[in-house]
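Asker: Using only what follows, build the 3D model:
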Amino acid sequence: MNWRKHTDYRVYLVTDRDLCLGRPLEDVVLAAVRGGAGAVQLREKHASSREFLALARALVSRLQPLGIPLIINDRADIALASGAAGLHVGQSDLPPEDARRLMGPDAIVGLSVETREELLAAEKLDVDYVGISPLFATPTKTDTHMPWGLDGLRWAREHSPLTLVAIGGIHKDNAAEVVAAGAHSLAVVSELCSAPDPEKAARRLLAVFEK
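Answerer: Purely as a prediction, here's the structure:
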């Protein structure tokens, strides 16, 4: 499947098992998807490679039949071994050119950008979206540059033709202004992982785009 042509990025779940309130990750992910999450990124900073791969394969088996891509954070080997739909890399990870070469022409490749210079440089790369990171300060991303803020996001929308995935500090109370400032996608971690009802929380975020 050519995931590049068939992915709805508007509500983009980035996983964090520690924030799932003791619930199985798969349950949280599937609930969010029922609510309208159109893309899922599996982010595992502390899992062993075998555990990471097992989680990835389990999610691929549940998400692909639903037409939802699983995107692996950082690890091309896990993405390839699990049959995931894509790979997300940061500025210090595998270069996007190599990510594309390894993943193939139909896979999703996403790139985090933390500065205006990185955003402009990304236009020359074969990536499907850029993660505007972090949009706001957030405890789930502490090793990043200064937040972009809404003004920075507006600048990004004005100066870049790329799909802009905003991440960092986004929740139900600011989602509308983030979309109004130019985000094509709301990438969230705790807003879905820690929601008492992830399905309802995802539906609420998706509704922001439909107003």
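
Asker: Mind jotting down where the helices sit in this structure?
Answerer: Ranges of helices within the chain are 25-34, 49-63, 76-82, 96-103, 116-122, 149-159, 175-180, 190-193, 198-209, based on DSSP state H.

Asker: winner for burial among these?
Answerer: Across the helices of the chain, averaging neighbours per residue (mean count of other CB atoms under 10 Å) puts helix 190-193 on top, at a mean of 24. No exception for glycine: its C-beta is placed from N, CA and C like everyone else's.

Asker: can you list contacts of it?
Answerer: Around helix 190-193, the neighbours that count as contacts under CB atoms under 8 Å, 6 or more residues apart in numbering are 13, 15-17, 19-21, 28, 32, 37, 140, 170-172, 198, 201-202, 205.

Asker: for stretch 201-211, same thing?
Answerer: Taking contacts as CB under 8 Å, 6+ apart, the residues outside stretch 201-211 that touch it are 10-11, 13, 31-37, 172, 175-176, 179, 186, 188, 191-192, 195.

Asker: re the thing from before, tell me which of the helices of the chain lies nearest to Ile132.
Answerer: Closest to Ile132 of those, according to CB to CB: helix 149-159, at 5.8 Å.

Asker: on that earlier part again, please convert the helices of the chain to CSV, extending it with distance to Val89 and mean pLDDT.
Answerer: Shown next, in CSV, are these (distance: least, CB to CB, whole Å; pLDDT from 0 to 100):
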stretch, distance to Val89, mean pLDDT
helix 25-34, 21, 98
helix 49-63, 16, 98
helix 76-82, 8, 98
helix 96-103, 5, 98
helix 116-122, 11, 98
helix 149-159, 18, 98
helix 175-180, 23, 98
helix 190-193, 22, 98
helix 198-209, 25, 98
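
Asker: now those in CSV, with distance to Gly131?
Answerer: Output for the helices of the chain, formatted as CSV (distance: least, CB to CB, whole Å):
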stretch, distance to Gly131
helix 25-34, 18
helix 49-63, 19
helix 76-82, 16
helix 96-103, 12
helix 116-122, 10
helix 149-159, 11
helix 175-180, 13
helix 190-193, 16
helix 198-209, 16
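
Asker: Minimum distance to Trp3: which of those helices has it?
Answerer: When these are compared by CB to CB, helix 96-103 sits nearest Trp3, at 9.9 Å.

Asker: tell me what that closest one is packed against?
Answerer: Here helix 96-103 touches helix 76-82, strand 86-89, strand 108-113, going by 3 or more CB pairs under 8 Å, 6 or more residues apart in numbering; DSSP states H and E.
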